[in-house]
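Novice: Kindly return the folded structure for what I paste below:
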Amino acid sequence: MYHSTIKTKLVHLSLLLVISSTILNCKDKEVTSSKTETISKTEAPEGMIWVEQKTFLQGAKASDNYAMPREKPAHMVTVDGFYMDLTEVTNKQFKKFVDATKYVTIAERQIDWEEMKKALPPNTPKPHDSILQPGSLIFNKSVNAVVNMENYGQWWTWRTGADWKHPEGPESSIEGKDNYPVVHVAYPDVMAYCEWANRRLPTEAEWESAAQGSNTDAIFTWGNDPTRLDANANTWQGVFPTTNDPKDGFEFISPVKSYTPNSIGLYDMAGNVWEITSDFFNVKYYSEIDPSKPLLNPKGANQHYNPNNPYEVEHVMKGGSFLCHASYCASFRISAKMGVSTDSGSDHMGFRTVATPDMLSSK
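Specialist: Modelled structure (predicted):
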């Protein structure tokens, strides 16, 4: 799911694929005053690390041949310091939240067709009731050949009964996978977790600041050398989506902390699972920024905009996943981004959280 057309709503289109193959063919930033924080990194909450205040180049770098128009132009940004999770939120952490709150994720809830069709093109036919069952999107590991790389329905499958506790379908489980990233979580699920944990999602600028680590204009979380990809990120090797050579150690999703952290100690900021941010996904946002005026603590576009998915509210997700490959998306780059609709989840999207000193002191 790495072409510009793939930003179309995954879950809804997956359902519609079952009905008809033809369906598939288918702020200016708020600026806040900067406060230089003096809190010691040793005071970070357990499982988090302090990300220093930084001025850096956000967006596509001049030497990045994979950069897409939505990543341009690059522009200078200053972001205040904050705490960030060392890893993506794990199954163990999410289970603690669910046990405490009895929360039921979007993928576990009965589908409401009347609500769903509001986000679909007019006159979209209703799928059979047998299809409108709780579930989520999983990668089809049995793809042998691809006719058209535009048709991502060839490697994505709607699986009834797939959710965070059953990542590959109802017969699967997360037993023994406490330290794997939680997946099949949608934006409302993530926000509920954040409220419970006294955390929030990072902005795209905060995410890029953290991914840069001690750098300010690097293409990758480890610097600018693409040959170091396999040692630093869980991505796809071979021919996407038919052949995956696990020379980086894992064929698909991996436990957190399986790869070298970046220069400030953050793990898996590239690869493994996509990480959702608080920013609206707007393909025109960077092009409407005045690059001569550095931004301070930007929070993204004032509204979402994606001409390939006009009916959905989408948020920016960052970092790529275990499915990313240079021939198709190369989204393991810091500036890379895609949109995900608020009620979509899959087996390769998760999240991590951030906190500010003010948030922690208020609690």
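Novice: only C-alpha atoms for contact and neighbour calcs from this point on.
Specialist: Noted.
Novice: Could you measure from the residue lying closest to residue 348 once chain neighbours are set aside over to residue 306?
Specialist: Leaving out its chain neighbours, the residue that sits closest to residue 348 by C-alpha to C-alpha, 6 or more residues apart in numbering is residue 273, at 4.8 Å. Distance of residue 273 to residue 306, computed by C-alpha to C-alpha, to the nearest Å: 22 Å.
Novice: And for residue 358?
Specialist: When residue 358 is compared with residue 306 (using C-alpha to C-alpha), they lie 34 Å apart.
Novice: Let me see the contact set for residue 348.
Specialist: Residues near residue 348 by C-alpha atoms under 8 Å, 6 or more residues apart in numbering: 138, 183-184, 253, 272-274, 321-323.
Novice: now the chain, which segments are flagged as low pLDDT?
Specialist: 1-42, 113-114, 116-121, 128-130, 140-156, 238-243, 363 (pLDDT under 70).
Novice: CA atoms of the longest strand along it as CSV?
Specialist: If you go by DSSP state E, the chain has its longest strand at strand 274-280. C-alpha atoms of strand 274-280 as CSV (Å, rounded to 0.1, in the frame of the first residue of the first chain):
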residue,chain,number,x,y,z
TRP,A,274,3.5,2.8,10.8
GLU,A,275,3.0,5.4,13.6
ILE,A,276,0.0,7.7,13.6
THR,A,277,0.4,11.4,14.4
SER,A,278,-2.0,14.1,15.4
ASP,A,279,-1.7,16.1,12.2
PHE,A,280,-4.3,16.1,9.5
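Novice: neighbouring contacts of that strand?
Specialist: Strand 274-280 has contacts (C-alpha under 8 Å, 6+ apart) with 88, 187, 201-204, 207, 299-304, 313-321, 348-352.
Novice: buried subset of those residues?
Specialist: Those of those that meet the buried threshold are 88, 187, 201-204, 207, 299-301, 304, 313-321, 348-352, by 16 or more other C-alpha atoms under 10 Å.
Novice: residue ranges of the strands in the stretch 101-250 of the chain, please?
Specialist: Assigned by DSSP state E, counting those that start in this stretch, the stretch 101-250 of the chain shows strands spanning 135-139, 156-160, 238-239, 243-244.
Novice: Return the most buried member of these.
Specialist: Mean neighbour count (mean count of other C-alpha atoms under 10 Å) peaks for strand 135-139 among the strands of the stretch 101-250 of the chain, with a mean of 26.
Novice: quick one: it to strand 156-160, angle?
Specialist: Angle of strand 135-139 versus strand 156-160, following axes from the mean of the first three to the mean of the last three C-alpha atoms, to 10 degrees, is 150 degrees.
Novice: Dump the C-alpha coordinates for strand 135-139 into PDB.
Specialist: Provided in PDB are the C-alpha atoms of strand 135-139 (Å, rounded to 0.1, in the frame of the first residue of the first chain):
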ATOM      1  CA  GLY A 135     -12.600  -7.300  11.500                       C
ATOM      2  CA  SER A 136      -9.600  -5.500  10.100                       C
ATOM      3  CA  LEU A 137      -7.200  -5.500   7.200                       C
ATOM      4  CA  ILE A 138      -4.300  -7.900   7.000                       C
ATOM      5  CA  PHE A 139      -1.500  -8.400   4.500                       C
END
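Novice: Can you list the helices and strands that it packs against?
Specialist: Applying 3 or more C-alpha pairs under 8 Å, 6 or more residues apart in numbering; DSSP states H and E, one finds that strand 135-139 contacts helix 10-19, strand 156-160.
Novice: neighbours around the closest residue in space to residue 79 that isn't next to it in sequence, how many?
Specialist: Leaving aside its chain neighbours, residue 79 sits nearest to residue 297 (4.8 Å; criterion: C-alpha to C-alpha, 6+ apart). Number of residues near residue 297 (other C-alpha atoms under 10 Å) recorded here: 21.
Novice: Was I right to think residue 297 contacts residue 82?
Specialist: No. Applying C-alpha atoms under 8 Å as the test, residue 297 and residue 82 come out as separate, 11.3 Å apart.
Novice: Next, show the common contact partners of these two.
Specialist: Between them, residue 297 and residue 82 share no contacting residue, judged by C-alpha under 8 Å, 6+ apart.
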